[in-house]
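In: Need coordinates for the following:
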Amino acid sequence: MYTIGEFSNIGKVSTKMLRHYDKIGLLKPNYVNPDNGYRFYTKDQVQIILLINKLKRYQFSLQEISNLIHNSNDNRTQLIKLLNEKVKNINAQIALYKFLLQDIEDEIKRLKNGGDIMPSKRNFEIKIDEQKVISVVSIRKTINMEEIGSVIGKAFQTIHENGLEPAAQVMTKYYDENFDPESADIEICIPVNKTIQNLTKDFGGFTYVHTTYVGPYSEIGEAYAYLTDWIKDNDYEIIQPPFEKYIKGAESGCSPKEFITEVCFPIRKK
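Out: Got it, this is the predicted structure:
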């Protein structure tokens, strides 16, 4: 057997992380001395820690890794499925970085040609509509915003597993009063073609003001500011958290300059 220190060196994992794996049930020591609490690991567990390291490098979450290791029902098929999803996600990230590189190069050219450092101010068209009640599959979670793609993916997986079909654009609802991109309380909502008890929920039944923003998400704040000012200036009040509808995004393969997002605020007259 190996002590936790020896196993830490073998697996290139800190003892703190090994204790965390034990706590969440991912990898428990083979034996714990009842007198002093010392943890011991076996030779057979070396392959497990190496597998965990490999899957973490492939950007698997600890929950995904735990499901694979502890699920004896054809985990090979499940691993292939998850690996294909990772390939898809990584290719999407590569595409975004290519667009980002092009944007940076274009920005350098613009500045060299005398362009202003600050982005140009835009005018937005404001519309007021009624959001009818629709059925959505939703996932509410506090996440780092870089993880939003995986949450959307899980929502689509739920839709497909239950024989549903998406009926409109993906939406994200933002619950935080003070937005923190590293810890954002969001809800992904995907409209679907029918209602299923304990699976779908109602969305809508309110008046909302909205505008269309075209461009990268990093500059969408201008649309939020424009709408916030319009609401104040026209004696409305916000009655629910704002949400976004993704009309055209990364999945279309277009440049972030061409992303189309509908920014929406549920409102009522004061």
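
In: confidence score at the nearest residue to Val214 once chain neighbours are set aside?
Out: Spatial nearest neighbour of Val214, excluding adjacent residues (Cβ to Cβ, 6 or more residues apart in numbering): Ile260 at 5.5 Å. To be clear about C-beta, it is placed using only N, CA and C from the backbone, and glycine gets the same treatment. At Ile260, the model reports a pLDDT of 95.

In: repeat for Gly115
Out: 80.

In: Just the element for it, please.
Out: Gly115 is part of no helix or strand when elements are defined by DSSP states H and E.

In: what about it, distance to Lys109?
Out: In this view, Gly115 and Lys109 are 9 Å apart by Cβ to Cβ, to the nearest Å.

In: about what we covered before: any idea how many residues pack against the residue nearest to Val214?
Out: 16 (other Cβ atoms under 10 Å).

In: Ile188 now?
Out: 22.

In: Pull the contacting residues for it.
Out: 138-141, 148, 151-152, 155, 170-172 (Cβ atoms under 8 Å, 6 or more residues apart in numbering).

In: got it, and Ile139?
Out: Ile139 neighbours (Cβ under 8 Å, 6+ apart): 151, 154-155, 158, 187-188.

In: Okay, and the beta partners of it?
Out: Ile188 (DSSP bridges).

In: Could you measure from it over to Asn234?
Out: With Cβ to Cβ as the criterion, Ile139 and Asn234 are 33 Å apart.

In: can you give me the helices for the stretch 51-200 of the chain?
Out: 62-70, 75-112, 148-161 (DSSP state H, counting those that start in this stretch).

In: which one of those has the lowest average pLDDT?
Out: Looking at the helices of the stretch 51-200 of the chain, the bottom one is helix 75-112 with a mean of 84.

In: The helices of the stretch 51-200 of the chain: which one's closest to Lys127?
Out: Ranking the helices of the stretch 51-200 of the chain by proximity to Lys127 (Cβ to Cβ) places helix 148-161 first, at 25.3 Å.

In: what sits up against that closest one?
Out: Outside helix 148-161, the residues touching it (Cβ under 8 Å, 6+ apart) are 61, 85, 89, 92, 137-139, 141, 143, 165-166, 170, 172, 186, 188, 190, 192, 199, 250.

In: Next, the angle from that helix to helix 62-70.
Out: 50 degrees (axes from the mean of the first three to the mean of the last three Cα atoms, to 10 degrees).

In: And helix 148-161, what's buried?
Out: Within helix 148-161, the residues that count as buried by 16 or more other Cβ atoms under 10 Å are 148-152, 155, 158-159.
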